[in-house]
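Chemist: with the sequence up front, the predicted model follows.
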Amino acid sequence: MKQYDLIVVGAGASGLCAAIEAKKEARRRKKKLSILLIDKEKYPAKKILVTGNGKCNFANRNDSLSFYYGDKALIQAVFSRYPISQVPSFFLSIGVPAMDDGSGRLYPLSRKASGVADALITEAKVLGVDCVTEYTARDLRKTAEGYSVNDEYCSRALILATGSRAGEGFSDCRTFSFLQELNIACQPEIPALCGFALGSDYTRGLKGLRQICEIRLMGGGRQLHREIGEVQFNEKGVSGIPVMQASLVAGPVLQKKQELFLSLDFLPEIPLTDLVAALEKQARRCSAMPCERLFTAFLPKPLWLYALKAGGWSAAKPLPMEHSALQKLAKHMKFARWAVTGLTSPAQVMRGGADARALYHNLQVKNRENLYVCGEAVDVTGACGGYNLMWAFCSGRTAGGAAAAQLLDKQAGSSNNYAENQ
Ligand SMILES: Cc1cc2nc3c(=O)[nH]c(=O)nc-3n(C[C@H](O)[C@H](O)[C@H](O)COP(=O)(O)OP(=O)(O)OC[C@H]3O[C@@H](n4cnc5c(N)ncnc54)[C@H](O)[C@@H]3O)c2cc1C
């Protein structure tokens, strides 16, 4: 078997950062570590290429922990070692200048995800990391001296950075099998950052429409999520950024088979009373006209027709004159409500992964020398906006830095037990 000090399984966002940081830690100590990075794909970091619609939203200037789901103490510990605010300067140091889209989301100046992936791969190679591609890890084992991969490579330390099955074309990821084989407790995987399938009363006629809406996710008599943004209507239901954000909360509720409802306000900028007044004005002004086209400057015709139908009013008739009937119509525009029956694929991320309770705050598996997990393989998930990549980068650097420190401390005969210091 070919021997290394450290093997990183998975050369995606987190694995590349882990290998880079491990090499840097060795350099800082003027020591050497042999590191192997393996990936099943011909081009590592394949998932980075599809992020942000191929532009890669790799960071965000708004760095609140509230954008993350998972164990807050673990997340905080990782980001206190490698702060979110320093992600842009880390990338600048490897040749990736960032541009802000005006909302705090950062993209590479080229607006090409390949720029981010190329820079990480280049940096790993410059630092002397060995990269083996088109090589699938099938068998990860604990050995007397450390770990082995497919009985072909072995190392003193191992970092599992194999990500998740989320996204089209990534379903062959074996993270959960590895976690089980390595006996690491995990939380079940649940798709997230995806769309909603809605109940049978959902109108397919809305397919293809995009509208800025306020969405409210309701479950167990409580409001679970609220957000304004562009909702995309499709054959089965809805998607778009606000829906994707809501899916982070919806997934675990649906998994428990609890009821969920989505309430949509098609006109969040207009209060209900103003909307009713506008309808009354139109009703009076055009009292003999069919109402089919009387409100299409307020909202797209399919949504107006939906509200009329839901309010039990024919588009061929004039608008009703009674205040109560118009209020009912307005409510169907501001409180359209459907049951959420499921999540639709593809998801951008998966919740679940290595349980935070099984990990020290430096991402070493508890009571397991030299074994680490990082990136999406850990049960930490971020909102849309660059938060998942930032977790992948910072958790990868945490695991890589810690693995190198532990190896080098041992080499130096130091009694410093890294895990005990967490
Ligand atoms: C369509 C889409 C768009 C996204 N857009 C954004 C965005 O704009 N901003 C953002 O922050 N996040 C985005 N994400 C999420 C983000 O891409 C992931 O959270 C992040 O890539 C996770 O990093 P990772 O290193 O944990 O896993 P990955 O990047 O998936 O890397 C895992 C690597 O392990 C390799 N691997 C897996 N199994 C094996 C094996 N058995 N043997 C060898 N190699 C293996 C894989 O080939 C892969 O290269 C998006 C995701 C998708 C699907």
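Modeler: Everything's here; your move.

Chemist: neighbours of the residue of the chain found nearest the ligand, how many?
Modeler: Of all residues in the chain, the one sitting closest to the ligand is G12 (1.8 Å; CB to the nearest ligand atom). For every residue, glycine as well, the C-beta is placed using N, CA and C. Applying other CB atoms under 10 Å, we find 28 residues neighbouring G12.

Chemist: ok, R174 next?
Modeler: 18.

Chemist: I figured it was touching T162, is that so?
Modeler: Yes: using CB atoms under 8 Å, R174 makes contact with T162 at a distance of 6.6 Å.

Chemist: next, show the common contact partners of the two.
Modeler: A137 (CB atoms under 8 Å, 6 or more residues apart in numbering).

Chemist: how about the residues of the stretch 151-300 of the chain near the ligand?
Modeler: A161, T162, G163, A166, G167, C173, R174 (CB under 6 Å from any ligand atom).

Chemist: tell me the average confidence for the helix or strand where S14 lies?
Modeler: Using DSSP states H and E, the element containing S14 is helix 13-28. Averaged across helix 13-28, pLDDT comes to 98.

Chemist: and it, what does it pack onto?
Modeler: strand 2-9, strand 35-38, helix 113-126, helix 387-411 (3 or more CB pairs under 8 Å, 6 or more residues apart in numbering; DSSP states H and E).

Chemist: so which of these gets nearest Q180?
Modeler: strand 2-9 (14.8 Å; CB to CB).

Chemist: residues contacting the longest strand along the chain, please?
Modeler: Longest strand in the chain, counting residues (DSSP state E): strand 222-233. For strand 222-233, the external contacting residues (CB under 8 Å, 6+ apart) are 195, 206-218, 238-243, 245-246, 248-250, 253, 260, 264, 268.

Chemist: sorry, back to before: in TSV, list the helices and strands packed on helix 13-28 along with distance to P83 and mean neighbour count.
Modeler: Below are those laid out as TSV (distance: least, CB to CB, whole Å; neighbours: other CB atoms under 10 Å):
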stretch	distance to P83	mean neighbour count
strand 2-9	22	24
strand 35-38	24	26
helix 113-126	19	20
helix 387-411	8	26
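
Chemist: in a markdown table: those, plus mean pLDDT.
Modeler: Output for these, formatted as a markdown table (pLDDT from 0 to 100):
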| stretch | mean pLDDT |
| --- | --- |
| strand 2-9 | 98 |
| strand 35-38 | 98 |
| helix 113-126 | 98 |
| helix 387-411 | 97 |
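
Chemist: what about the residue lying farthest from the centre of the chain, which SS state?
Modeler: Distance from the centre of the chain peaks at A288, with 51.8 Å (CA atoms, centre = their mean). Classification of A288 by DSSP: H, G, I helix; E, B strand; the rest coil places it in coil.

Chemist: under the pLDDT cut-off, which ranges of this protein? List them.
Modeler: 414-422 (pLDDT under 70).

Chemist: could you list the domains of it?
Modeler: 2-191+350-421, 195-344 (automatic domain parsing).
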